[in-house]
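S.K.: could you look at this predicted model? Sequence included:
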Amino acid sequence: MIEGKRVRLRGVELSDLDEIMKYWNSMELRNLVGSADAGPASRSEEEEWIRNTWKQRQERKAYHFAIETIKDNKLIGGTGLFSVDWTSRSAMMGISIYNPECWGKGYGRESIDLVLSFAFQNLNLNRVELDTFEFNERARRCYLKAGFKEVGRRRKARFVDGQYHDAIIMDILKDEWSTKS
Ligand SMILES: CC(C)(COP(=O)(O)OP(=O)(O)OC[C@H]1O[C@@H](n2cnc3c(N)ncnc32)[C@H](O)[C@@H]1OP(=O)(O)O)[C@@H](O)C(=O)NCCC(=O)NCCS
């Protein structure tokens, strides 16, 4: 477990399926994370995805975590590192707090701090990258607060909810994170 003050990161369990199915197929959430074009996922697909997270971690290809509140052990989202490049010591990061009622309460920011700490202190990565959309101001602000810098844009790279949108590329280097903490 990776413990923070209000949230902890732990492995994803099959017992998380009910909670995941409650939120993951919401088009609002899918538009924000950029996977609405995948269509609604079935329970079996999500179960397969969970099993895959274990395999990917064992193979050191990706590290997916469930985000759980410390106060009541409630699953509130998922985060993780993927596309790990061990030569360049770089990885991609993603995060999703599932329930809109939990947005804007600091859970995202704390979870990102914990993932970055794991990336830099435990995996000895040197760089973490992510991308978001221009319309996802909450995510962009959250990433900036966590220390990410905007390094570029892929113009009109993604078609989401009827329109083309720029993808904003952000990254953080280990030495920037060390001086920030
Ligand atoms: C994006 C996400 C991870 C942010 O986490 P969060 O818990 O909602 O955000 P936090 O409460 O930690 O806020 C962090 C910062 O973002 C800013 N923020 C919060 N809500 C905001 C809003 N509605 N608009 C603009 N900025 C906002 C605040 O400035 C806050 O900084 P503060 O500490 O000074 O208050 C979360 O909202 C989420 O998972 N959303 C749905 C899926 C998603 O968008 N994933 C990201 C895809 S790239």
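M.R.: Thanks, I have it.
S.K.: look up phi and psi at the residue in the chain positioned nearest to the ligand.
M.R.: With C-beta to the nearest ligand atom, the shortest gap between the chain and the ligand falls at residue 108, namely 1.8 Å. In short, each C-beta sits where N, CA and C put it, glycine included. Backbone dihedrals for residue 108, given as degrees, to the nearest 10, come out at phi -60, psi -50.
S.K.: how near is it to residue 170?
M.R.: 14 Å (C-beta to C-beta, to the nearest Å).
S.K.: just the strands from the chain, written as ranges.
M.R.: Assigned by DSSP state E, the chain shows strands spanning 2-3, 7-10, 63-69, 75-85, 90-97, 127-133, 149-160, 163-173.
S.K.: with distance to the ligand added, can I get these in CSV?
M.R.: Below are these laid out as CSV (distance: least, C-beta to the nearest ligand atom, whole Å):
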stretch, distance to the ligand
strand 2-3, 16
strand 7-10, 9
strand 63-69, 9
strand 75-85, 6
strand 90-97, 4
strand 127-133, 4
strand 149-160, 11
strand 163-173, 9
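S.K.: could I get the ones you listed as a markdown table with mean neighbour count and distance to residue 20?
M.R.: Listed next are the strands of the chain as a markdown table, based on neighbours: other C-beta atoms under 10 Å; distance: least, C-beta to C-beta, whole Å:
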| stretch | mean neighbour count | distance to residue 20 |
| --- | --- | --- |
| strand 2-3 | 13 | 19 |
| strand 7-10 | 22 | 14 |
| strand 63-69 | 21 | 9 |
| strand 75-85 | 20 | 8 |
| strand 90-97 | 21 | 10 |
| strand 127-133 | 20 | 21 |
| strand 149-160 | 13 | 22 |
| strand 163-173 | 17 | 25 |
